[in-house]
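Peer 1: for reference, the sequence and a predicted model appear below.
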Amino acid sequence: MSSGEIECSNTLEDELDQALPSQAFIYRPIRQRVYSLLLEDCQDVASTCPAVKEWFVYPGNPLRHPDLVRPLQMSVPGGTPSLKILWLNQEPEMQVRRLDTLLACFNLSSSREELQAVESPFQALCCLLIYLFVQVDTLCLEDLHAFIAQALCLQGKSTSQLVNLQRSRLTKFHNLKAVVCKACMKENRRITGRAHWGSHHAGRWGRQGSGYHRTGSGYSRSSQGQPWRDQGPGSRQYEHDQWRRY
């Protein structure tokens, strides 16, 4: 980042599964806010900060040219703190500033009350899941279960230990699930089970062009301003937040 350039030249994504957008696009608004934190010398982010050169793998990008991505200003209570203060200051009140900055990166300040009650090792997890499920409407309740279960159950556990996990873990599982679902509801995103999702979406997805569209009473992704269908490779500048919510 000291040279204003970042690369992520590998991916585990399925290029043929175009209903699932690339992580390069999903997390770009978060990266843009982080850039504004890292490039703190810019007083007016929109006009004076140089564009960051991103070399990210996604379908159709031959990586001949970087995407030029401009930072996005964050809305942090009391103003955006400097990176040095966030990193080095150990005063108790700085923990509050760190949480505020984390929420601002994900644009989740409206869910501060719920996330503040989550123990710190899982706050970042909940932020990530809320953001991900609001952005990707093809993810369902079973996916959420898998993400949370992995975070809770797989840390240093052998197969035999996993078989005999106490249902004490179940309480924490449901608590984290409730936090994520409640925050997503604030963004008008109701996470439903695969069976329910399938009954409502069966026959309504059709492959058109480079992405999926809902037909009939549904909506197309492109109509929501979600950029993963239209953003191809090349030296483009991303100055504005082009996402449905973030």
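Peer 2: All right, it came through fine.

Peer 1: name the residues of the longest helix anywhere in the chain that come out as buried.
Peer 2: As assigned by DSSP state H, the longest helix anywhere in the chain is helix 168-186. Judged by neighbour count using 16 or more other Cβ atoms under 10 Å, the buried positions of helix 168-186 are Phe173, Leu176, Lys177, Val179, Val180, Cys181, Ala183, Cys184. (Each C-beta comes from the backbone N, C-alpha and C, glycine too.)

Peer 1: so Arg98 sits right up against Trp87, yeah?
Peer 2: No: at 9.5 Å, Arg98 and Trp87 do not qualify as touching, with contact defined as Cβ atoms under 8 Å.

Peer 1: now do the strands in this structure.
Peer 2: Applying DSSP state E to the chain gives strands spanning 5-8, 52-56, 67-69, 205-208, 211-214, 237-238.

Peer 1: show me what the third one is packed against.
Peer 2: Counting contacts by 3 or more Cβ pairs under 8 Å, 6 or more residues apart in numbering; DSSP states H and E, the secondary-structure elements packed against strand 67-69 are helix 28-38, strand 52-56, strand 237-238.

Peer 1: and for the longest one?
Peer 2: Applying 3+ Cβ pairs under 8 Å, 6+ apart, one finds that strand 52-56 contacts strand 5-8, helix 28-38, strand 67-69.

Peer 1: could you check the angle the second one makes with strand 52-56?
Peer 2: Direction vectors for helix 28-38 and strand 52-56, defined by axes from the mean of the first three to the mean of the last three Cα atoms, to 10 degrees, enclose an angle of 140 degrees.

Peer 1: elements contacting helix 28-38?
Peer 2: The contact analysis (3+ Cβ pairs under 8 Å, 6+ apart) places helix 28-38 against strand 52-56, strand 67-69, helix 83-88, helix 92-106.

Peer 1: just put those in TSV and tack on distance to Ala124.
Peer 2: Converted to TSV, the helices and strands packed on helix 28-38 look like this (distance: least, Cβ to Cβ, whole Å):
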stretch	distance to Ala124
strand 52-56	21
strand 67-69	22
helix 83-88	14
helix 92-106	7
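
Peer 1: lowest average confidence across the helices and strands packed on strand 52-56, which one?
Peer 2: Comparing mean pLDDT over the helices and strands packed on strand 52-56, the weakest stretch is strand 5-8, at a mean of 88.

Peer 1: which outside residues touch it?
Peer 2: The contact list for strand 5-8 (Cβ atoms under 8 Å, 6 or more residues apart in numbering) reads Ala24, Arg31, Val52, Lys53, Glu54, Trp55, Phe56, Val57, Pro66.

Peer 1: give me that answer again for 6 Å
Peer 2: With contact meaning Cβ atoms under 6 Å, 6 or more residues apart in numbering, strand 5-8 is reached by Lys53, Glu54, Trp55, Phe56.

Peer 1: of the residues you listed - the most surrounded one?
Peer 2: Within the contacts of strand 5-8, most neighbours by other Cβ atoms under 10 Å means Phe56, with 22 neighbours.

Peer 1: spit out the contact partners of that one.
Peer 2: Residues in contact with Phe56, defined by Cβ under 6 Å, 6+ apart, are Cys8, Ala24.

Peer 1: do you know which of the helices and strands packed on strand 67-69 lies nearest Gln116?
Peer 2: When the helices and strands packed on strand 67-69 are compared by Cβ to Cβ, helix 28-38 sits nearest Gln116, at 19.7 Å.

Peer 1: shouldn't Ala151 be in contact with Gln123?
Peer 2: No: using Cβ atoms under 6 Å, Ala151 is not in contact with Gln123, being 11.7 Å away.
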